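> Structure for the following, please:
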Amino acid sequence: MNTALQHEAVVIGSGFGGAVMSARLSRKWPGKILVLERGREYPLGAYPRSPAEMADNVWCPDGDSARRPRAVHQRKAARGHLTGMFDIRHFDKIDTVTSAVYGGGSQIYANVFLPPPAAVFEQGWPAGLRRDVLAPYYEVARQVLGARPVPPADGEDDRRTIRRTERFQEFAREAGLPTKMADICVYFGNGYTYKASDRPLPLGVQEANRYGALQTSCTYCGECDIGCNVQAKNSVDHNYLHVARKRYQAAVRTQCEVERIVPLDAAHADDPDGDGGHGYRVYFRDLRMGGTHSVTTRRVVVSAGTLGTNELLMRNRDVHKTLPRVSPRLGQRFSGNGDFLAFAVDGEKEVNSTYGPVITQYIDHRLYKDLDRSQAFLLQDASYPTQVGWATAALGPVMNPFAMLWTTCKQVFAYAFDKFYPGRKHSSVGYMVQKLFSHDLSKYSAVLLCMGLDNARGVLRLNKEGYLDIDWPQESNRSLYDAILSLGERFTRFIGARHYVPLPTWLWPVKNNVTVHPLGGCALADTPEQGVVSARQGERGRVFGYQGLYVADGSLVPTALGANPVATITALSEWIAHDVTGTAPDADL
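I've put the predicted structure just below:
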């Protein structure tokens, strides 16, 4: 019998952590790395855009019993097996939106690369892991992901002028708060993005990036969060994963959902009591072709995202009993990263929320300057696709029905009166449409995206169906949410908006938070008594109690970050890969 292991490493998940590990491990062991991703791979122009396609673009495959919004389950009942890119889950007091797609969260995030302040690492983190330790890894990640501010505009008529950015900066100055342009992982051409040139490539022009992947210079369409159909996002399939696959022959299998991880004995038979010293067998379900398959490997890297990694490890420890050594601390120290979304609707000052990359700047409220952990957060501008802009235009009559009725009546009377006169300069249908839509809600409304330092006291556990549940200590984070609400109301008054609308799930009686940045549950620690994954030299990222079993994603983060997590997740993964391979990372991959 051939007992040779099939792979040096199997990487579960292809987001930021999985992509880094895939690139670095495949460089060490070319042709011997397998990446398993549950979601689909979308080529150029393939992300869904029609209403029907978007309705199906959610994750709820056969056999899924996770708690999800009613609309998702209704869609599944109507359409059957759903393997779309948005994994939306509903819990008591908090809901989550994550990704199920090749490239993971890099396909739907808002592009911001922002290390948190050094003070964040001084409370709740392993003793030897501080921001200065991660500094070289942050820098490599910044270069690979091509993080730079949006190119400056050359005058009011330049297509790179983003009115929204100017409006948020004006508000910051009035509020006396620091504001800064954000480094964003968006492609503006090789010269600007990767060579620090001041001259970006014109909007919409395509070329191969520094790694040989085809990309398009950002078209400012505001579609970053629903999959970039022109491939202007520096998502990890254009850098880390591209190099792993094309240069180092890493194998990639999409629509494959891992179910079990089992240690092997010396004869490479399944040994649930083993410590992984002889390798592992990974069982996965092929969602496209059907059936359960398995592969053997020397190492396993779990990079399934915060929810996916916690759920997989919990099922293997508590349901399948194949990883019984995993720490009882698993699932603790969960954070929503202080996420809070709100809207300032129908203002007097132009914002134009459908133009530009999704985020361009951030306003610091006691996070980087004058730290106050009870109310430290960032306020970031946000845009949304033009399709949503048309939908908000349709909301005009709902938001202000009497004003819209009066406007309509005036135009009808004007049309009827003008047609008796030669020329009828105002009687065209086009003129009426222009008047009815001239005060576009999307042009005069703002999206307020906040994230901050919640207390990371959430607890993840499995419910009776074997899916995650979250105990979320919402009330103990009220000082943060109250500060966010207060600043949002102040911004609403600043643009003269008629309505301030926190995300509808925050309204009575639901009162749920929503996070798109779930963190924690597999906290890095110095000892098994303190966390789940080791931060010690020589075993970075390794699950306590096992050899060759690693975690590399947002579940490692033991506290809220306050800032967008991507930079830290990528840097931590580089830090782990350096330890595993013994090779210092560089941006050339």
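> Could you name the specific helix or strand carrying residue 484?
helix 478-494 (DSSP states H and E).
> Off-centre distance for that helix?
In terms of CA atoms, centre = their mean, to the nearest Å, the centre of helix 478-494 is set 23 Å apart from its chain centre.
> Could you list the residues in contact with that helix?
Outside helix 478-494, the residues that touch it by CB atoms under 8 Å, 6 or more residues apart in numbering are 170-171, 174-175, 338, 340, 342, 344, 347, 349, 365-366, 374-377, 379, 446, 448, 450, 452-454, 499-500, 502, 513. Using the backbone N, CA and C atoms, a C-beta is placed for each residue, glycine as well.
> Produce a ChimeraX select command limited to the buried residues of those.
The ChimeraX command for the buried members of those (criterion: 16 or more other CB atoms under 10 Å) is given here:
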select :171,175,338,340,342,344,347,365,366,375,376,377,379,446,448,450,452,453,454,500,502,513
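> tell me the mean pLDDT for the helix holding residue 484?
Taken as a whole, helix 478-494 has a mean pLDDT of 97.
> Also stretch 76-86?
Taken as a whole, stretch 76-86 carries a mean pLDDT of 91.
> Start and end of it, how far apart?
Stretch 76-86 has an end-to-end distance of 13 Å (criterion: CA to CA, to the nearest Å).
> just stretch 123-134 next, same as before
Counting by CA to CA, you get 16 Å between the two ends of stretch 123-134.
> what does stretch 225-244 give?
Using CA to CA, one end of stretch 225-244 lies 25 Å from the other.
> residues contacting the closest residue to residue 47 other than its chain neighbours?
Excluding its sequence neighbours, the residue lying closest to residue 47 (CB to CB, 6 or more residues apart in numbering) is residue 227, at 3.2 Å. Taking CB under 8 Å, 6+ apart as the criterion, residue 227 is in contact with 42, 47-48, 85, 101, 107-108.
> Save those residues as TSV, and put in secondary structure, distance to residue 185 and neighbour count too.
Shown next, in TSV, are these (DSSP: H, G, I helix; E, B strand; the rest coil; distance: CB to CB, whole Å; neighbours: other CB atoms under 10 Å):
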residue	secondary structure	distance to residue 185	neighbour count
42	coil	18	20
47	coil	17	21
48	coil	22	17
85	coil	18	23
101	strand	16	29
107	helix	12	25
108	coil	13	24
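> tell me the helices in this structure, going along the chain?
In the chain, the helices defined using DSSP state H lie at 16-28, 51-56, 70-79, 131-145, 163-175, 190-195, 240-246, 305-314, 386-394, 396-399, 401-418, 429-437, 478-494, 566-581.
> ok, residue 329 - contacts?
Listed by CB under 8 Å, 6+ apart, the contact set of residue 329 reads 523, 525, 528-532.
> roughly how far apart are it and residue 121?
Distance, residue 329 to residue 121, by CB to CB, to the nearest Å: 19 Å.
> tell me the most buried of the helices of the chain?
helix 16-28 (a mean of 29; mean count of other CB atoms under 10 Å).
> Can you report how many residues lie near residue 504?
Taking other CB atoms under 10 Å as the criterion, the count of residues near residue 504 is 11.
> whoops, I mixed them up, residue 357
29.
> ok, now which ones touch it?
Contacts of residue 357 (CB under 8 Å, 6+ apart): 110-111, 150, 184, 186, 218, 220, 222, 224, 383.
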